[in-house]
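J.: just to be clear, the model below is a prediction. Sequence and coordinates:
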Amino acid sequence: MNIAIIGTGYVGLVSGTCFAEMGVHVTCVDVNKEKINSLQNGQIPIYEPGLDEMVLRNHQEGRLTFTTDLTSCLDGVDIVFSAVGTPPDEDGSADLQYVLAVAREFGRNIHKYTLLVTKSTVPVGTAKKVKAAIQKELAKRGVKVPFDIASNPEFLKEGAAIKDFMSPDRVVVGVESEKAKELMSRLYRPFLLNNFRVIFTDIPSAEMIKYAANSMLATRISFMNDIANLCELVGADVNMVRKGIGSDSRIGGKFLYPGCGYGGSCFPKDVKALIKTAEKNGYDMHVLKAVEEVNEYQKTVVFNKLCKHYDGALKGKTIAIWGLAFKPETDDMREATALVTINLLLEAGCKVRVFDPVAMDECHRRVGNVVEYAADMYDATLNADALLLLTEWKLFRLPSWGVIMKLMNCAVVIDGRNIYDTEEMKHLGIEYYCIGK
């Protein structure tokens, strides 16, 4: 089977590479010539464990090709995936300009039956706009070329995207014709050997599923952060509370870990977009607005604990930060707690020294030289008055505290991800703060 994927960002490149791994012939299309040239030369524009090797192998074996010209491959493919960005607009709603641009280009250039599948995360009702845009272009041409549209939202976790694609919990496909269903069934048939589920729905339901799933996960995180903040006030231990409620089979233990707020490319954007979709339809999403409010507050919690420790006297203090990416195994800093924390520290007159195993370049791109970039995790703590842990990378789990205590001015650690043991830190003589205790 031959397919094309428009957009070589995170979703498009991972999806295209994984389809190629399963024997599909994939053409990845992007308007960015520099990105396409890099991919053709084996240079991967994003950080994702295992992706480099898989892209290189499938490209060398001829199953994965890259181009800037959709028309060069359109006549030879059965399915076109649209995996372009849907960044938040100024009011928080999803910006569909790139999605609709793909639809118009598709309508201008198809000559035979082709299925256009939206892989991007889009609000409910987008499929109607996509279909109308295609039909308008066909009408301009004065031709009647058959086509179908479908929705196939992605559920990839950054840092584990290949595993998620190759062995997913489920695949959701929204269709409006039997022909589209049959094509998507053929495409996903190799994956069915792993006994995972393909759930076919109508298109609006498929569009809603992605937003609803991410919003539910964000809700669990914000709920647990709210409980953690209350635990601190009443003397409870949030880890014990988490285990207690997570053991209830109706609740389960996933996404009940308190911390210093969620970030990334999906949760913040999707929560905002779903709130805006509701507003446009005359409904107020009270719960999700609270989820968003709690998360924005939670991103300030680590800074607030630092302020409290030093009674607000932070000017001139040197603060070390471990972890810049919004989560481990990625260099993505979109909506990252580190960005909020850095800004608050600088406003308070602190000198900030940072370290992250993969997100240093991304941090420099975003904030420039207003912070100092450490050579390694220990260099970050040199002469520091406090160490703030914001991302739970594995290399931070068992540091040499003896070395760190000699390097730091003051042995103060604020753990935004609860990865250290309170009693051990107390025994070492470290003034230790975490979330929810």
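T.: Yep, it's here.
J.: show me where the stretch 201-350 of the chain has strands.
T.: Along the stretch 201-350 of the chain, counting by DSSP state E, counting those that start in this stretch, strands occupy 318-322.
J.: nope, the stretch 1-150 of the chain is what I meant
T.: 2-6, 25-29, 64-67, 79-82, 114-118, 147-151.
J.: dump these to a markdown table, plus mean neighbour count, mean pLDDT and distance to Val198.
T.: Any C-beta I mention is one placed from the backbone N, CA and C, and that applies to glycine too. Shown next, in a markdown table, are the strands of the stretch 1-150 of the chain (neighbours: other CB atoms under 10 Å; pLDDT from 0 to 100; distance: least, CB to CB, whole Å):
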| stretch | mean neighbour count | mean pLDDT | distance to Val198 |
| --- | --- | --- | --- |
| strand 2-6 | 23 | 97 | 16 |
| strand 25-29 | 25 | 97 | 19 |
| strand 64-67 | 20 | 96 | 23 |
| strand 79-82 | 26 | 98 | 15 |
| strand 114-118 | 23 | 98 | 13 |
| strand 147-151 | 23 | 98 | 12 |
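J.: want to try CSV for the ones you listed, with distance to Gly159 as columns?
T.: Below are the strands of the stretch 1-150 of the chain laid out as CSV (distance: least, CB to CB, whole Å):
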stretch, distance to Gly159
strand 2-6, 21
strand 25-29, 21
strand 64-67, 22
strand 79-82, 22
strand 114-118, 24
strand 147-151, 25
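J.: go through these and name the closest to Asn214.
T.: strand 147-151 (15.2 Å; CB to CB).
J.: tell me the angle that closest one makes with strand 114-118.
T.: 20 degrees (axes from the mean of the first three to the mean of the last three CA atoms, to 10 degrees).
J.: so which residues make contact with strand 147-151?
T.: 106, 110, 113-118, 122, 127, 130-131, 134, 172-177, 179-180, 183-184, 203, 206-207 (CB atoms under 8 Å, 6 or more residues apart in numbering).
J.: on that earlier part again, among the strands of the stretch 1-150 of the chain, which is nearest Ile321?
T.: strand 25-29 (35.6 Å).
J.: how about that closest one as CSV, C-alpha atoms only?
T.: Taking only C-alpha atoms (Å, rounded to 0.1, in the frame of the first residue of the first chain), the coordinates of strand 25-29 have been written out as CSV:
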residue,chain,number,x,y,z
HIS,A,25,5.5,2.7,1.2
VAL,A,26,5.3,6.2,2.7
THR,A,27,6.0,9.6,1.1
CYS,A,28,6.5,12.3,3.7
VAL,A,29,5.6,15.8,2.3
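J.: which strands and helices sit next to it?
T.: Secondary-structure packing of strand 25-29 (3 or more CB pairs under 8 Å, 6 or more residues apart in numbering; DSSP states H and E): strand 2-6, helix 10-21, strand 64-67.
J.: and those as TSV, adding distance to Pro49?
T.: As requested, the helices and strands packed on strand 25-29 are exported to TSV (distance: least, CB to CB, whole Å):
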stretch	distance to Pro49
strand 2-6	21
helix 10-21	11
strand 64-67	18
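J.: relative to Trp401, which of those is closest?
T.: helix 10-21 (36.0 Å).
J.: what angle do that closest one and strand 2-6 make?
T.: Using the same axes, to 10 degrees: helix 10-21 against strand 2-6 is 170 degrees.
J.: hmm, who's touching helix 10-21?
T.: Contacts of helix 10-21 (CB under 8 Å, 6+ apart): 3, 5-6, 8, 26, 28, 30, 39, 44-46, 48, 51, 54-55, 58, 63-64, 81, 83-84, 119-120, 154, 156, 158, 161-162, 165-166, 187, 265.
J.: and these, which are buried?
T.: 3, 5-6, 8, 26, 28, 30, 39, 44, 46, 48, 51, 54-55, 58, 63-64, 81, 83-84, 119-120, 154, 156, 158, 161-162, 165, 187, 265 (16 or more other CB atoms under 10 Å).
J.: report pLDDT for Thr86.
T.: Predicted confidence (pLDDT) for Thr86: 88.
J.: that one touches Leu100, doesn't it?
T.: No - using CB atoms under 8 Å, Thr86 is not in contact with Leu100, being 10.5 Å away.
J.: the two: who's more crowded?
T.: Thr86 (21 against 18; other CB atoms under 10 Å).
J.: contacts only, for the more buried one.
T.: Thr86 sits in contact with 94-96, 98-99, 120-122, 269, 273, where contact means CB under 8 Å, 6+ apart.
J.: residue contacts, the residue nearest the centre of the chain?
T.: Closest to where the C-alpha atoms of the chain average out (CA atoms, centre = their mean) is Ser265, at 3.8 Å. Residues in contact with Ser265 (CB under 8 Å, 6+ apart) are 10, 158, 332, 334-335.
J.: skip the chain neighbours and tell me the closest residue to Ser82.
T.: Closest residue to Ser82 apart from its sequence neighbours, by CB to CB, 6 or more residues apart in numbering: Val102 at 4.5 Å.
J.: wait, doesn't that neighbour sit right on Gly85?
T.: No - taking CB under 8 Å as the definition, Val102 is not a contact partner of Gly85, at 10.9 Å.
J.: what do those two both touch?
T.: Gly7.
J.: who has more neighbours out of those two?
T.: Neighbour totals were compared for Val102 and Gly85, and Val102 leads with 24 against 17 (other CB under 10 Å).
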